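Enquirer: Sequence below, structure please.
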Amino acid sequence: MMTPRHGRVVLNLTVAACVVAGSRLPARQVEGEPPSIPWSAERALAWSNYLGRPDVTSNAAAVTAYKFSYREECVGDAFTFRVVSQFDQALSWVKPNALVTVAGRSRLLVHEQAHFDLSEVQSRKLRRALHQLRTPCSMSSDERKALVMQHIRDDAGNQRSYDADTGFGANDVNQRRWVLDIARELAALSDYAPTDFGPRRDVPIATTAQPPRAGRH
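Expert: Numbering: from 1, shown residues only. Here you go, the predicted model:
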């Protein structure tokens, strides 16, 4: 069924992803939990943001949990959307023995920050894809949601590749390469940095523009 071209249509979608090989976690935030932190170039993660209880059965030294929040609205032909990558403080954790040495905790935090930065790369790719839709309000909400979910799956694959290629941060050479590559991607996608897009009319736009896996972080 196609979305009506006139009237108001709103979709809110939150997808949570826990980065230990792109695992999925419940999206609902429990009342009283610390707020999620939207990705920002002005605010880097700190170990004080990792408020979750460590999983003693996991081989991972730390887990970075984040979620994609997506909101869209069609009012007639005007399409507005918002995509935010948010760090989940309550579900993110680090084991105390990973923080014993300055060098060790610094290296691990660089690896975890890059997980979050990589999620923002995918958020920008999704914003670009949504912005380039020619007639988004003539599509059904399910069609637009399918586009969002494809980007979520792409992010999970990229996160797995990142962990595999860096040896969960143990391979210093590959870790540095990934950090640089992620920074380059963020710069290349700077037109799609976090913001609200819209409203705009349906007209052609210029082309110028699973359960957690154990990981040794």
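Enquirer: can you pull out the strands in this protein?
Expert: Using DSSP state E, the strands of the chain run over residues 8-19, 23-24, 37-38, 62-75, 78-87, 93-94, 197-200.
Enquirer: Just the mean pLDDT for the fifth one, thanks.
Expert: In this case it means strand 78-87. Taken as a whole, strand 78-87 has a mean pLDDT of 92.
Enquirer: follow-up on the earlier one: could you tell me the least trusted of the strands of the chain?
Expert: Mean pLDDT is lowest for strand 23-24 among the strands of the chain, at a mean of 38.
Enquirer: How about the residue nearest the centre of the chain, nearest residue that isn't a chain neighbour?
Expert: Nearest to the geometric centre of the chain sits residue 119, at 3.3 Å (C-alpha atoms, centre = their mean). Leaving aside its chain neighbours, residue 119 sits nearest to residue 85 (4.4 Å; criterion: C-beta to C-beta, 6 or more residues apart in numbering). The way it works is simple: take the backbone N, C-alpha and C, and place the C-beta from them, glycine included.
Enquirer: thought the one you found was touching residue 118?
Expert: No - the criterion here is C-beta atoms under 8 Å, and residue 85 misses it with residue 118 at 9.3 Å.
Enquirer: Let me see the contact set for residue 94.
Expert: The contact partners of residue 94, taken as C-beta atoms under 8 Å, 6 or more residues apart in numbering, are 47, 50, 54, 61, 62, 63, 108.
Enquirer: and the gap between the first one and residue 170?
Expert: Counting by C-beta to C-beta, to the nearest Å, the gap from residue 47 to residue 170 is 19 Å.
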